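**Q** Sequence and predicted model, in that order:
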Amino acid sequence: MSTAAQAPYTPKTSTGRITNFVDERVGGSGILREFGRKVFPDHWSFMFGEVALYSFVILLLSGTFLTFFFDPSMAETHYHGPYVPLNGVEMSVAYDSTLKLSFEVRGGLFMRQVHHWSALLFVASVAVHMLRVFFTGAFRKPRELNWVVGSVLLILSLAAGFTGYSLPDDLLSGNGLRIIDGVVKSVPIVGTYISFFLFGGEFPGTAIIGRLYMLHIMLVPAMILLMIAIHLFMVVVHKHTQYPGPGRNDRNVVGYPLGPVYAAKAGGFFFIVFGVIAAISAFFQINPVWNYGPYDPSPVSAGTQPDWYIGFVDGALRLMPGWWFNLPMEWVIPMPWGDNTLSFNVLGPALLPAGLLFAVMFAYPWIERWVTRDNREHHVLDRPRNAPTRTAIGVAGLIFYCVMWAAASSDLIATHFEVSLNDVTYWLRALIFFGPILGFIVSKRVSLALQRKDREIALHGRETGRIVRLPHGEFQEIHAQLDDYKRYALVGFESPVAEEGIPNELGIVTRKERLRSKLSGFFFEDRVAPAKPSELAAGHHHEELTAADENKAVTH
């Protein structure tokens with residue numbers, strides 16, 4: 001080997017020398033080379049995850065600005081500032097610093113609104129991203145753990161939103177904390193002790209704002225960053241899912257490499273998201289805390305609603321009756337040290353609906369895997385219509401959540417539409433039981449109908465609206481054949497069949513297996529099988545004959 005071949009590479013520019021120095025010590029070029037070759041498919045629905053990531057980055061940037069001016073103290077002071085209606089009013093230092101940030105710091109109100117709007121967008125995009133993953137079956141093996149990470153990320157986003165929403169110590173956020181205090185105190189035996197410890201004394205105490213501030217700027221963001229890092233790591237390890245199409249299968253990924261195509265598109269999309277949030281923040285006011293005034297535990301205000309993502313808890317509390325068929329929802333439980341009260345009309349709606357939603361969400365990948373006995377890796381997504389029962393379950397859960405969410409504004413619904421508040425509550429109580437059932441039935445029927453329509457189009461082509469009269473007098477509509485790509489999207493899916501219970505080695509069908517068989521029937525008894533190649537060939541031959549007859553009709 002020659003001496004020239006052994007000579008180390010020496011960059012000619014200062015930038016190159018710095019880059020080479022860093023690369024020789026950390027090996028960054030190999031990492032970038034490997035990561036830059038990762039292929040990502042291109043589809044509009046994948047943007048929801050990117051919106052969540054970019055809005056979180058904007059949250060960090062705007063939140064850093066706000067921390068320079070916000071003082072999370074509950075010490076008492078009097079306001080003396082440019083907002084005249086509150087001049088001389090007693091308030092906490094936290095609320096006073098919020099007003100100063102809004103009216104006296106240059107760009108402070110704009111940054112507050114950027115932070116608030118990006119928080120709402122972050123929670124919304126995480127939720128919609130989770131819905132997309134669920135409806136398309138992207139949670140299946142090997143991504144079950146990534147689904148759990150996403151579920152934890154959704155819970156953390158709710159926690160981040162609530163802790164930040166409570167910091168200004170205004171009347172609106174104080175009412176939200178009052179609800180939390182009531183829920184905590186409804187826990188038998190230990191509830192009052194937990195409340196006393198959490199608030200640093202009798203509600204509202206003197207410590208809750210500072211404690212929420214530490215959670216909001218340190219613990220919760222750190223956990224969100226950890227979950228995002230784990231999520232992105234798993235996306236790279238497992239490779240990205242893709243929608244069905246010609247040439248796409250579970251062994252490849254069809255799309256663009258990360259560098260430079262996807263990176264350039266992602267960078268541009270970040271600035272689009274940033275620009276949209278900035279425009280909304282500049283032109284649409286949100287959370288005008290000066291209108292609410294400082295928090296005072298003595299008055300009770302009407303017409304207050306929490307931010308949308310936490311509204312389902314408030315709505316469940318509003319829907320819960322104090323009595324159920326002459327049965328009180330509050331019980332006195334005798335204990336050796338005295339009587340304790342169990343307020344199920346507070347504890348039940350605050351914990352059970354949210355617990356049910358999140359329990360089903362966490363467990364669903366394993367439930368479906370057990371029912372289907374499908375242990376294969378899946379990298380190609382399902383169209384929601386091709387998994388009708390899963391789609392119906394998702395719609396039912398969404399309706400269940402939305403009814404509770406709407407109930408958080410039951411008083412505003414009553415006043416805006418000039419109807420009885422009691423009637424609104426009764427209708428919402430009925431909807432929370434019958435709405436998910438009706439949504440399940442309708443969405444499953446619609447999915448099956450769309451499957452039948454897809455099958456008909458795949459076999460006979462799409463309708464053209466042209467009616468011809470054949471030589472023997474018959475009138476017939478002419479159908480146009482699909483290209484291979486569109487036809488594959490209509491027939492390239494699996495349609496499992498319901499399974500009977502499988503006996504064990506002793507020839508006994510266990511109770512667990514019988515349950516699995518019933519759930520299999522529930523999932524797959526109603527199905528539309530995809531068109532087979534022989535059926536496609538027969539349908540195509542029929543259309544060729546029809547076209548020939550059309551030519552004869554035109555000739556004659």
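**A** Arrived safely. Residues are numbered from 1 along each chain as shown.
**Q** CA atoms for contacts and neighbours, from now on please.
**A** OK.
**Q** mind checking how far stretch 133-148 is from the chain centre?
**A** Distance of stretch 133-148 from its chain centroid, counting by Cα atoms, centre = their mean, to the nearest Å, is 13 Å.
**Q** how about the helices in the stretch 1-150 of the chain?
**A** Ranges of helices within the stretch 1-150 of the chain are 3-6, 14-26, 28-36, 47-67, 93-103, 108-136, 144-165, based on DSSP state H, counting those that start in this stretch.
**Q** For the fifth one, give the mean pLDDT please.
**A** In this case it means helix 93-103. Averaged over helix 93-103, pLDDT sits at 94.
**Q** try stretch 413-428
**A** Here the average pLDDT along stretch 413-428 is 92.
**Q** Any buried residues in it, and which?
**A** For stretch 413-428, burial by neighbour count (16 or more other Cα atoms under 10 Å) applies to 413-414, 424-425, 428.
**Q** what does stretch 441-453 give?
**A** Within stretch 441-453, the residues scored as buried using 16+ other Cα under 10 Å are 443-445, 447-448, 450-452.
**Q** Any chance of CSV for those, columns secondary structure and distance to Phe65?
**A** Converted to CSV, the buried residues of stretch 441-453 look like this (DSSP: H, G, I helix; E, B strand; the rest coil; distance: Cα to Cα, whole Å):
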residue, secondary structure, distance to Phe65
Ser443, helix, 46
Lys444, helix, 48
Arg445, helix, 51
Ser447, helix, 48
Leu448, helix, 52
Leu450, helix, 50
Gln451, helix, 52
Arg452, helix, 55
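**Q** for the helices of the stretch 1-150 of the chain, which one sits closest to Glu463?
**A** Of all the helices of the stretch 1-150 of the chain, helix 108-136 sits nearest to Glu463, with 27.9 Å by Cα to Cα.
**Q** What residues does Ala316 make contact with?
**A** Going by Cα atoms under 8 Å, 6 or more residues apart in numbering, Ala316 touches 349-350, 353, 404, 407-408.
**Q** out of those residues, which are buried?
**A** For the contacts of Ala316, buried by 16+ other Cα under 10 Å: 349-350, 353, 404, 407-408.
**Q** Output those residues in a markdown table, with pLDDT appended to each entry.
**A** Listed next are the buried ones among the contacts of Ala316 as a markdown table, based on pLDDT from 0 to 100:
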| residue | pLDDT |
| --- | --- |
| Pro349 | 86 |
| Ala350 | 85 |
| Pro353 | 89 |
| Met404 | 92 |
| Ala407 | 92 |
| Ala408 | 89 |
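**Q** Let me know the closest of the residues you listed to Phe139.
**A** Nearest to Phe139 among the buried ones among the contacts of Ala316, with distances taken as Cα to Cα, is Pro353, at 22.8 Å.
**Q** Flag every buried residue along the helix or strand hosting that closest one.
**A** When elements are assigned from DSSP states H and E, Pro353 belongs to helix 344-372. For helix 344-372, the neighbour count (16+ other Cα under 10 Å) marks 344-350, 353, 358, 361-362, 364-365, 368, 371-372 as buried.
**Q** ditto for stretch 455-470
**A** In stretch 455-470, residues buried by neighbour count (16+ other Cα under 10 Å) are 455, 457-461, 468, 470.
**Q** Which ones among those map onto helices?
**A** Assigned to helices by DSSP state H, the following of the buried residues of stretch 455-470 qualify: 455, 457-460.
**Q** Same list, those residues, but as a markdown table with distance to Gly107 and pLDDT please.
**A** Listed next are these as a markdown table, based on distance: Cα to Cα, whole Å; pLDDT from 0 to 100:
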| residue | distance to Gly107 | pLDDT |
| --- | --- | --- |
| Arg455 | 58 | 87 |
| Ile457 | 57 | 84 |
| Ala458 | 58 | 83 |
| Leu459 | 61 | 82 |
| His460 | 62 | 79 |
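**Q** Could you save the residues you listed as CSV and add columns showing distance to Trp323?
**A** Shown next, in CSV, are these (distance: Cα to Cα, whole Å):
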residue, distance to Trp323
Arg455, 52
Ile457, 54
Ala458, 56
Leu459, 58
His460, 59
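**Q** about what we covered before: next helix or strand past the helix holding Pro353?
**A** helix 388-407.
**Q** Now do that next one against helix 344-372, angle only.
**A** For helix 388-407 against helix 344-372, the angle by axes from the mean of the first three to the mean of the last three Cα atoms, to 10 degrees is 170 degrees.
**Q** So what touches stretch 76-92?
**A** Contacts for stretch 76-92 (Cα under 8 Å, 6+ apart): 73-75, 93, 96, 100, 103-104, 169, 290, 293-295.
**Q** ah, wrong one, I meant stretch 367-380
**A** The contact list for stretch 367-380 (Cα under 8 Å, 6+ apart) reads 138, 140-142, 240-244, 248-251, 516-517, 519-520.
**Q** Spell out the secondary structure type for Gly439.
**A** What DSSP: H, G, I helix; E, B strand; the rest coil gives for Gly439 is helix.
**Q** Which elements pack onto the helix or strand containing Gln476?
**A** Assigned by DSSP H and E, Gln476 belongs to strand 475-480. On a contact count with 3 or more Cα pairs under 8 Å, 6 or more residues apart in numbering; DSSP states H and E, strand 475-480 meets strand 462-469, helix 533-555.
**Q** Pick out the shakiest of the ones you listed, pLDDT-wise.
**A** When those are compared on average pLDDT, helix 533-555 comes out lowest at a mean of 59.
**Q** Can you show me the helices along the stretch 201-350 of the chain?
**A** Going by DSSP H, counting those that start in this stretch, the stretch 201-350 of the chain shows helices at 208-214, 220-238, 263-283, 289-292, 311-319, 344-372.
**Q** where in this structure is pLDDT low?
**A** Low-confidence segments of the chain, defined by pLDDT under 70: 1-7, 28, 34, 36, 300-304, 538-556.
**Q** Just give me the residue right at the centre of it.
**A** Ala127 (1.2 Å; Cα atoms, centre = their mean).
**Q** can you pull the contacts of the residue nearest to it when sequence neighbours are not counted?
**A** Closest residue in space to Ala127, ignoring its immediate chain neighbours: Leu154 at 6.8 Å, by Cα to Cα, 6 or more residues apart in numbering. Applying Cα under 8 Å, 6+ apart, one finds that Leu154 lies in contact with 123, 126-127.
**Q** same thing with Asn504?
**A** Thr510.
**Q** what do you get for Arg248?
**A** Arg248 sits next to 242, 254, 380 when contact means Cα under 8 Å, 6+ apart.
**Q** Surely the second one and Lys239 touch.
**A** Spelled out, that is Val254. No - judged on Cα atoms under 8 Å, Val254 makes no contact with Lys239 at a distance of 10.9 Å.
**Q** My guess is Glu500 contacts Phe522. True?
**A** No - between Glu500 and Phe522 there is no contact under Cα under 8 Å: 11.8 Å.
**Q** any chance of the buried residues of stretch 455-470 in JSON lines, plus distance to Leu198?
**A** JSON lines is the format used below for those (distance: Cα to Cα, whole Å):
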{"residue": "Arg455", "distance to Leu198": "59"}
{"residue": "Ile457", "distance to Leu198": "62"}
{"residue": "Ala458", "distance to Leu198": "62"}
{"residue": "Leu459", "distance to Leu198": "65"}
{"residue": "His460", "distance to Leu198": "67"}
{"residue": "Gly461", "distance to Leu198": "65"}
{"residue": "Val468", "distance to Leu198": "78"}
{"residue": "Leu470", "distance to Leu198": "83"}
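**Q** now, among those, which is nearest to Ala282?
**A** Looking across these and measuring by Cα to Cα, the closest to Ala282 is Ile457, at 48.4 Å.
**Q** Next one: the closest one from Tyr488, what distance?
**A** Distance, Ile457 to Tyr488, using Cα to Cα, to the nearest Å: 11 Å.
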